[in-house]
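> For reference, the sequence and a predicted model appear below.
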Amino acid sequence: MSRLPVLKGTLDLLVLRALSWTPMHGFEIVSWLERAASSSLELEDSALYQAVYRLEERGLLQADWGVTENNRRARYYKITAAGRAHLRAETKNWVTYADTVTNILTVATNAQPNSSTS
Amino acid sequence: MIRTGIKRVFRLALHRRDRWEREVEDEIKLHLALRAEQLVAMGASPDDAYQEAVRKFGPLVESRARLIDAARHREQRMQRTEYLSDLRQDIGFALRSLGRQRSWTAVALLTFALGIGATTAVFSVVSALLLHFMPYPNANRIVYVSQEPTEGNTTGISVSITPVSQIVREWMRNAHSFEAFETGQLVKKRLKTVSGDPSEVGVASIFPTFVNFTGQHVVRGRMFTQNDIVDGGRVVLLSETMWRTRFAASDSVFGKVVTLGDSTYQIIGVLPSTVQLPPYVPKSPDFWIPFDIRTENLGVWGLIGRLRPGVDIPQAQRELDSVYARSTSTGTIPFRARITTPSQRVNFRDSLVMLTGAVALVLLVACANVAHLLLARSASRQRELAIRAALGAGRGRLLRQLLTESMLLTGAGALLGIAIGWAGLKALIALRPGSLNSLELARLDGTTLALAVGVAVASGVLFGILGVLQAARSSTNDSLKASALSSSHSRRERRFRAGLVVSEMALSATLIVGAVMLVRSVVNLQRTDLGFTPHGLYAVTLPLADYGFETPAARASFVAEFMRRARAVPSVASASLTGVQPGSRWFSVGRFQVEGEPPGPENKTDLIDINSIQSAFFATMRIPMKEGTLFTDTLPEARQVIVNAGFARKHWPAGSAVGHRIRVAHSDKTPWYTIVGVAGEASTSGPMAESSAPLLYTAYDNGHNSAVVLVRTNADARALSPLLDIARTMGVRRPRPVESVEETMHGFLAGPRFIMLLLTALTLLAVALAAIGLYGVMSHRVAQDTREIGIRVALGASGSRIGRTVIARGLALTAAGTVLGLGGARWATKVVESQLHGVSPLDPVSFVVGALVLIAISLVACLVPMRRALAVDPMTAIRSD
């Protein structure tokens, strides 16, 4: 199974998406991503934490210590209103962007001028 | 102590870092554990599972460091954001709560702004004139260097003599206490131009080192050097403005020649227009030429010098004196060096110091008033604060909120105050009398702004803390339970507010006493018996030397003819020539001797007022003769002298002065003068001078370049215009306008009157603020006591009794304040002493008036609260809780 590297910036969106359902702690987010992407994303677990801290710093997430089902202390992350707004806006951007790129790559090949520059 | 302090700070930091690290560690640990469990559940062995978990996580050490770093970053950023959002919230809250009580805010703002405004205006003057006088580098080491008589100055004024060039040259060569000596002179000269009329320009003559001294550089060309002076000094530098406007900023002017007055000069360079002679010279010069100390004497500009670092004034003075003594044959010096700092030369320095003190008192009163207002306000806000505290606002948060509020208030107040101060300063400059001309140098400078901002910040913090202390005093619980009104019944607070009013009253009392003293002093000056009658007396100045009458003989025949014709003018009641115009002083300098008495010490120099006049002078001035006769022989050889009564009394307290011979000697050959008469005492040099100061009158000698004719008329100045016509027909084409001696004498009062008005204005401000303060406290008191008053009325207390109680409380505060204030005034009036004329600094009238004014104003301030107390309806009051 070939694994896709995570594009820069998209990890943030994925995390926000994960948390848009319910607050989770770090490992829950990782597991969610793995399930959602059927393990097709290539990602070091520590990178996720970095993304989470970054989002928290920007006020898109909010963290609180809580207790897991098995009574372990864990840091739970919750999406903020600003985070939701960001997720909505960026999702739209991403879809538009992806559509555009997909269109160019798959449909308009013969409309391109002679591509000597690249 | 210090060590524990450091440790605590350090530990705090450590503690914090620990927290992030621990949190990150915990998170990683949990993650690895959960991942391992997941892998085990999928069938891996525990060991392999852990290895795999770590592999999936990423390089452990590195990732851990990176995450801790990210966590720290996050933490700092979030703190900042939180702080800012708190601040925004606080400011919003403060604005809302200030806006809710608009009139309260307006009063507090205005009170503080007035205090700051007064401070700013007065301090701008102090800063410009006393702190930043010289526009040159190392200004704090720049001093004026002049001389004064080594002994014998009995004139009552400090005399400063411009040293002669020979002495200056000795100093420049041999005195090591100074880095530099500079002088300069600004004269008006006619610049001859190719096209059109010659124009008048300002020409400054300076040493070649002057530009260096000012820390500036020539813009174009070069500065002149000692060699230029040796070669005759016919070189000139243009000011940059002159170069740009008149010479089109052209480089071709260098080497060209300009004609200034009668001489031609070669243009060699351009100086920046920012190069200035010391600041009392009104505008910067257009041309700069060399000053040749070998041939020229220093002008009124005098000599300034920059002391070497570390040299103090007495040290420098001693060195200058010894250099001077070494250059003389005998080693004795008639004049000793007198070194003054620029601020010492400001003639109203004492007034400025006094006004600074006054303005500080006003500021204190204003601050006390704002403190009052804040207390009154926060009393009614205690419930609100208590609720906030109960809802979980920490004490620090509340402190920050109150601080934000008081800072907003004082900050806005300071802005408004600076605007008021700026306007006030403009007004001050516009209204200044001629004797205070240097006021126009005052600017709202950085020092002043820093002071205003400093005061605002300090008082903002103080007010904030005051509010917190007050909030802290009453416990949350009590405030919540009690009603808003009775919650502030705390005794301590009442005492504190009474203390504030008492101190406001005390400060005002001090100011009133000072102001009354100054008013009385000005009144005294106005009422001073001058010893002559200035009303109807006029002076006509004829600049004879300007119109070719250069020898005494030529002047003598001119004035003889002029006086003959003048006395024939019908409106002229009497006329006399005088060497010294009323309002000025002229001194005879030398060793005063009485024939037959042993001479004083060798190095003694006396300065004795002298005037040369015609006999008609006394009739024209209306100065009575006390003894002897007028001049019986006016020829110089007759050497007759008339002395004033003060002189006669000083030297012959018992006998008669007439017949004695005196002289002011320069050598043994100076001839003796015989006293022929004694005239009454007259303050001819103005109301400030002692009329009894010794004064000599000699026969008019035509030695002056201008002749001054004193004329008494029963009509007004216009009736004297025939005199000017006579002067014109006789060849003095442009005689100066007729001057009123009465106006000249009044002019002397303008300065003191201006200062007096300023102090009075400040005093009124302080008193008004204090009265508002008293009014505030009394109304508050009455409001608090509504119930008690109601009960008393219900029990049968009469209205007059209630009124008396209120007034008595108010007056008790005033009385305490007055006693303190008068005590303070006893000490503070020392500052005023030097400006008092005919009023003692312990003048009982001023003290009594001060007390009465304050009591009267307090009564007025208590009236409204009293009426409110009388209007209390017992039934409503008792039920109201």
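Great, that's in hand. Residues are numbered from 1 along each chain as shown, chains lettered A, B, ... in the order given.
> Report the contact partners of residue 26.
No chain specified, so I'll use chain A. Applying Cβ atoms under 8 Å, 6 or more residues apart in numbering or on different chains to residue A:26 gives the contacts A:48, A:49, A:52, A:74, A:75, A:77, B:27, B:30, B:31. The C-beta positions use only the backbone N, C-alpha and C, and glycine is treated the same way.
> think we crossed wires, I meant chain B
Going by Cβ under 8 Å, 6+ apart, residue B:26 touches A:73, A:75.
> one step back: sort out for me which of the contacts of residue A:26 are in helices.
A:48, A:49, A:52, B:27, B:30, B:31 (DSSP state H).
> so which of those comes closest to residue B:52?
residue B:31 (12.9 Å; Cβ to Cβ).
> For that closest one, report the pLDDT, please.
Residue B:31 is assigned a pLDDT of 91 by the prediction.
> Can you verify my assumption that it contacts residue A:27?
Yes - Residue B:31 is within contact range of residue A:27, at 4.9 Å (criterion: Cβ atoms under 8 Å).
> Next one: the one residue sitting closest to the centre of chain A from residue B:808, what distance?
Geometric centre of chain A, nearest residue: residue A:14, 1.8 Å, by Cα atoms, centre = their mean. For residue A:14, the distance to residue B:808 equals 80 Å [Cβ to Cβ, to the nearest Å].
> Kindly report the same for residue B:147.
Counting by Cβ to Cβ, the gap from residue B:147 to residue B:808 is 64 Å.
> So for these two, which sits in the more crowded spot?
Between residue B:147 and residue B:808, counting by other Cβ atoms under 10 Å in any protein chain shown, residue B:147 is the more crowded of the two (23 against 11).
> Show me the beta-bridge partners of that one.
residue B:161, residue B:337 (DSSP bridges).
> Now do residue 6, the pLDDT please.
In the absence of a named chain, chain A is used. Model confidence at residue A:6 (pLDDT) stands at 68.
> actually chain B
Reported pLDDT for residue B:6: 44.
> And for residue A:63?
Confidence at residue A:63, expressed as pLDDT, is 89.
> Where does it sit: helix, strand or coil?
strand (DSSP: H, G, I helix; E, B strand; the rest coil).
> tell me, how many neighbours does residue B:78 end up with?
Residue B:78: 16 neighbours (other Cβ under 10 Å).
> nearest residue to it other than its sequence neighbours?
residue A:57 (6.5 Å; Cβ to Cβ, 6 or more residues apart in numbering or on different chains).
> In contact with that neighbour, which residues?
Residue A:57 is in contact with B:70, B:73, B:74, B:77, B:78, counting by Cβ under 8 Å, 6+ apart.
> give me phi/psi at it?
The phi and psi values for residue A:57, taken as degrees, to the nearest 10, are phi -60, psi -40.
> Against residue B:23, how distant is it?
For residue A:57 relative to residue B:23 (Cβ to Cβ), the value is 14 Å.
> what does residue A:97 give?
Taking Cβ to Cβ, one finds residue A:97 at 36 Å from residue B:23.
> Just want to know which of these two has more residues nearby.
Comparing residue A:97 with residue B:23 by other Cβ under 10 Å, the one with more neighbours is residue B:23, at 17 against 11.
> Pull out the buried residues from the helix ranked longest in chain A.
Ordering each helix of chain A by length in residues (DSSP H) puts helix A:81-106 first. Using 16 or more other Cβ atoms under 10 Å in any protein chain shown as the test for burial, helix A:81-106 gives A:83, A:86, A:87, A:90.
> could you say what helices and strands it packs with?
Packing partners of helix A:81-106 (3 or more Cβ pairs under 8 Å, 6 or more residues apart in numbering or on different chains; DSSP states H and E): helix A:10-19.
> Go ahead and measure how far the next helix-or-strand element following the helix it packs on is from the middle of the chain.
Sequence-wise, the next helix or strand downstream of helix A:10-19 (DSSP states H and E) is strand A:24-25. Offset of strand A:24-25 from its chain centre (Cα atoms, centre = their mean, to the nearest Å): 15 Å.
> cool, and stretch B:328-342?
31 Å.
> wait, doesn't residue B:90 sit right on residue B:404?
Yes - with contacts counted by Cβ under 8 Å, residue B:90 reaches residue B:404, the gap being 3.9 Å.
> For residue B:538, give its distance to residue B:748.
17 Å.
> who has more neighbours, those two?
residue B:538 (24 against 20).
> Let me see the contact set for the more buried one.
B:710, B:711, B:712, B:713, B:717, B:720, B:738, B:739, B:740, B:741.
> Look at the second one and give its secondary structure.
In the three-state summary, residue B:711 is assigned as strand, counting by three-state DSSP.
> my guess is it contacts residue B:720, does it?
Yes - between residue B:711 and residue B:720 there is a contact under Cβ under 8 Å: 6.1 Å.
> quick one: which of the two has more around it?
residue B:711 (25 against 22).
> where does that one land on pLDDT?
Listed pLDDT for residue B:711 reads 94.
> Please report the distance of it from chain A.
Here the criterion is Cβ to the nearest Cβ, to the nearest Å. By it, residue B:711 lies 90 Å from chain A.
> Could you show which parts of chain A are in contact with chain B?
With the criterion set to Cβ under 8 Å from any Cβ of the partner chain, chain A comes near chain B through A:25-27, A:30-31, A:44-47, A:49-50, A:53-54, A:56-57, A:59, A:72-75.
> could you flag which of those residues are buried?
Here, 16+ other Cβ under 10 Å leaves A:25-27, A:30, A:45-47, A:49-50, A:53-54, A:56-57, A:59, A:74-75 buried among those.
> and after the helix or strand hosting residue B:385, which helix or strand comes next?
Secondary structure assignment for residue B:385, by DSSP H and E: helix B:349-390. Where DSSP H and E defines the elements, the next helix or strand beyond helix B:349-390 is helix B:395-431.
> where are the low-confidence patches of the stretch 751-881 of chain B?
Residue ranges of the stretch 751-881 of chain B with pLDDT under 70: B:880-881.
> repeat for chain A
A:1-8, A:39, A:108-118.
> switch the cut-off to 50
Residue ranges of chain A with pLDDT under 50: A:1, A:114-118.
> Now do the helices in the stretch 101-250 of chain B.
Under the criterion DSSP state H, counting those that start in this stretch, the stretch 101-250 of chain B carries helices at the ranges B:102-126, B:165-174, B:210-213, B:226-230, B:240-246.
> no wait, the stretch 451-600 of chain B
Using DSSP H, counting those that start in this stretch, helices in the stretch 451-600 of chain B cover B:476-481, B:491-527, B:552-568.
> Quick one, which of those gets closest to chain A.
helix B:476-481 (28.1 Å; Cβ to the nearest Cβ).
> Looking at the contacts of residue A:26, spot the one nearest residue B:633.
residue A:52 (116.1 Å).
> And that closest one, how far from residue B:67?
On the measure of Cβ to Cβ, residue A:52 and residue B:67 end up 10 Å apart.
> Check residue B:110 too.
Distance from residue B:110 to residue B:67, by Cβ to Cβ: 56 Å.
> Compare the two and say which one has the larger neighbour count.
Between residue B:110 and residue B:67, counting by other Cβ under 10 Å, residue B:67 is the more crowded of the two (24 against 16).
> Give me the neighbour count for the closest residue to that one other than its chain neighbours.
Take residue B:67 and drop its neighbours on the chain: the residue closest to it by Cβ to Cβ, 6+ apart is residue B:24, 5.0 Å away. Each residue near residue B:24 was counted by other Cβ under 10 Å, and the total is 23.
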